[in-house]
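K.L.:
One predicted model, sequence on top.
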Amino acid sequence: MARGTVLIDRNRCKGCELCVNACPQQVLHLSSSRNARGYHPVELSENGHHCTGCAICAVVCPDVVFTVYREAKPALRAA
């Protein structure tokens, strides 16, 4: 399975939960703390190691708060 992670700009997030509902791995949740704008921003769960870097969160986010990283696959060697 692919592995990845996301960086989240907490201060731009307005907590709309579109990404939480769209995440197929269910590794996103709303924070209990507030950001500078007074919203509960999204966070990557402690079990975020299940993130695949699929970028669905970034696609559905209206505030463009995600930077998605995906682990590179090793190159195949010619025989």
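P.N.:
On my side now, so go ahead.
K.L.:
Let me see the ranges of the helices in this structure.
P.N.:
18-22, 56-60 (DSSP state H).
K.L.:
For the residue nearest to residue 66 when sequence neighbours are not counted, grab the count of nearby residues.
P.N.:
Counting by CB to CB, 6 or more residues apart in numbering, the nearest residue to residue 66 once its immediate chain neighbours are dropped is residue 58, at 4.0 Å. Using the backbone N, CA and C atoms, a C-beta is placed for each residue, glycine as well. Neighbours of residue 58 under the rule other CB atoms under 10 Å: 16.
K.L.:
all numbers from here: first residue = 7
P.N.:
Got it, first residue is 7 now, which makes that one residue 64.
K.L.:
List the residues that contact residue 64.
P.N.:
12, 70, 72-74 (CB atoms under 8 Å, 6 or more residues apart in numbering).
K.L.:
And for residue 51?
P.N.:
So residue 51 contacts 32-35 (CB under 8 Å, 6+ apart).
K.L.:
Find the nearest non-adjacent residue to residue 14, please.
P.N.:
residue 71 (5.5 Å).
K.L.:
Looks like residue 20 contacts residue 69 (just checking).
P.N.:
Yes. In terms of CB atoms under 8 Å, residue 20 counts as a neighbour of residue 69; the distance is 6.0 Å.
K.L.:
low pLDDT regions in the protein?
P.N.:
7, 53-54, 84-85 (pLDDT under 70).
K.L.:
residue ranges for the strands of this structure, please.
P.N.:
For the chain, the strands defined by DSSP state E cover 10-14, 34-36, 48-50, 72-76.
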